[in-house]
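Undergrad: sequence first, predicted coordinates after that:
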Amino acid sequence: MSKAHELRHRLYRLADRLLPQAYAKYSRSPIYRRKWRKRLVSVTLDRNHTPWRPFEKPLSDCNVALVTTAGVYLSSQTPHSPLGNDPSWRAIPREAERRDLRVFHPAVNNDDANRDPNIVFPLEHLRELQIQGIIGQVAPTHYSYVGLLNDFRPLLQDTAPEMVAGLVDEKVDLVLLFPS
Amino acid sequence: MGLLAREIEQVRIATVSFSLNREQSQAVQAPRSIVVRFPFGHPLGEPHATRQQHQLLFDAFHLALTATNPGTILERPYRWKRHQYGEVNFSSLSEIDLELDTG
């Protein structure tokens, strides 16, 4: 690991200790709720229509993918911004090993998720379920974002469509989504 | 989270979203949500608690197979660290009759 890489990880670990408690309090406050609703209203959301794909395939034939907003990344990738407002995604291949997965969400204590990434990104469980024949296939690619967006538009206009195109290309049938 | 689920479901891929905040799930109206009362950063519970994680994954697959209404929210009653989790029988999922409506 290069010196710059190591320094960045140290900085992230420090942010990890300092930010979560303040954010946990803030995110339960009426100020945050008002702000969140306002941001949501700023995106076009048709409340009279919820998109719906009826589930019509046996699970044992389904190609299943994971999407998380917990800030999961591979040790070879750059973590998401510690300042929030980062709509970018990281692609995690289905073969990713636990030792290569890292979790960094600037507003959450990530210690537990780094000890066991399955609590935000249960890729190991999916692989087991495929071996047992419960699901048909673990999708080749999974996606990780990070929450804490002040503006949802870059996500909805740019980076979410990229992920959606990837899911379509790989003929995914079911996506499980995990917040942080 | 729910916004991403809506984007995915738009292209006719089914989704199940976990949520740690019922109010947000209701506001966004994700197609299918499971609300758990766990701390932030722990949508599947505790680290290394395999039974707990299996139970929640089972619930997610079960919801995918059984939900018939867009915007379904399933609230799970599990208590953080104080719930006894049994062995999960994933094979029972294959016995669920699928919705035949092709939408």
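TA: Good, I have the coordinates. Note that the coordinates shown come from a computational prediction; the quantities given were computed from them, not determined experimentally.

Undergrad: relative to the longest strand along chain B, what are the paired strands and their orientations?
TA: Longest strand of chain B, by residue count under DSSP state E: strand B:14-19. Note on strand B:14-19: by DSSP bridges, its sheet partners are strand A:174-178 (parallel), strand B:32-35 (parallel).

Undergrad: what pairs with residue A:92 across the strands?
TA: Beta-bridge partners of residue A:92, as defined by DSSP bridges: residue A:142.

Undergrad: kindly state the pLDDT recorded for it?
TA: pLDDT recorded at residue A:92 is 98.

Undergrad: that one: neighbouring residues, count only.
TA: When counting by other C-beta atoms under 10 Å in any protein chain shown, one arrives at 24 neighbours for residue A:92. All C-beta atoms are positioned from the backbone trio N, CA, C, and that covers glycine.

Undergrad: again with residue B:83
TA: Residue B:83: 14 neighbours (other C-beta under 10 Å).

Undergrad: report the central residue of chain A.
TA: A centroid search over chain A (C-alpha atoms, centre = their mean) returns residue A:68, at 2.1 Å, as the residue closest to the centre.

Undergrad: report the contact partners of it.
TA: Applying C-beta atoms under 8 Å, 6 or more residues apart in numbering or on different chains to residue A:68 gives the contacts A:120-121, A:142-145, A:177-180.

Undergrad: so it bridges to which residues?
TA: residue A:144, residue A:178.

Undergrad: got a pLDDT number for it?
TA: pLDDT, residue A:68: 98.

Undergrad: which helix runs longest in chain B?
TA: helix B:50-66 (DSSP state H).

Undergrad: who's in contact with residue 71?
TA: Reading this off chain A. A:79-80, A:103-106, A:110, A:144-147, A:180.

Undergrad: hmm, I had chain B in mind actually
TA: A:50, B:29-31.

Undergrad: most neighbours of all these, which one?
TA: Top of those by neighbour count (other C-beta under 10 Å): residue B:30, with 30 neighbours.

Undergrad: now it, nearest residue through space, not along the chain?
TA: Spatial nearest neighbour of residue B:30, excluding adjacent residues (C-beta to C-beta, 6 or more residues apart in numbering or on different chains): residue B:2 at 3.4 Å.

Undergrad: isn't the one you found up against residue B:25?
TA: Yes: with contact defined as C-beta atoms under 8 Å, residue B:2 and residue B:25 form a contacting pair (5.9 Å).

Undergrad: can the longest helix of chain B be said to contact chain A?
TA: Yes: using C-beta under 8 Å from any C-beta of the partner chain, we find that helix B:50-66 touches chain A at B:53-54, B:57, B:60-61, B:64-65.

Undergrad: distance to residue A:3 and secondary structure for the contacts of residue B:71 - can I get that in TSV?
TA: Shown next, in TSV, are those (distance: C-beta to C-beta, whole Å; DSSP: H, G, I helix; E, B strand; the rest coil):
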residue	distance to residue A:3	secondary structure
A:50	49	coil
B:29	47	coil
B:30	43	coil
B:31	46	coil
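
Undergrad: take those residues and lay them out in a markdown table including distance to residue A:38.
TA: Below are the contacts of residue B:71 laid out as a markdown table (distance: C-beta to C-beta, whole Å):
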| residue | distance to residue A:38 |
| --- | --- |
| A:50 | 21 |
| B:29 | 17 |
| B:30 | 19 |
| B:31 | 24 |
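
Undergrad: ok, now how distant is the closest residue to residue A:106 other than its chain neighbours from chain B?
TA: In space, and not counting its chain neighbours, residue A:106 is closest to residue A:82: 4.7 Å by C-beta to C-beta, 6+ apart. Per C-beta to the nearest C-beta, to the nearest Å, residue A:82 is found 15 Å from chain B.

Undergrad: could you list the low-confidence segments of chain A?
TA: For chain A, applying pLDDT under 70 flags the ranges A:1, A:9, A:12-13, A:15-28, A:41-42, A:44.
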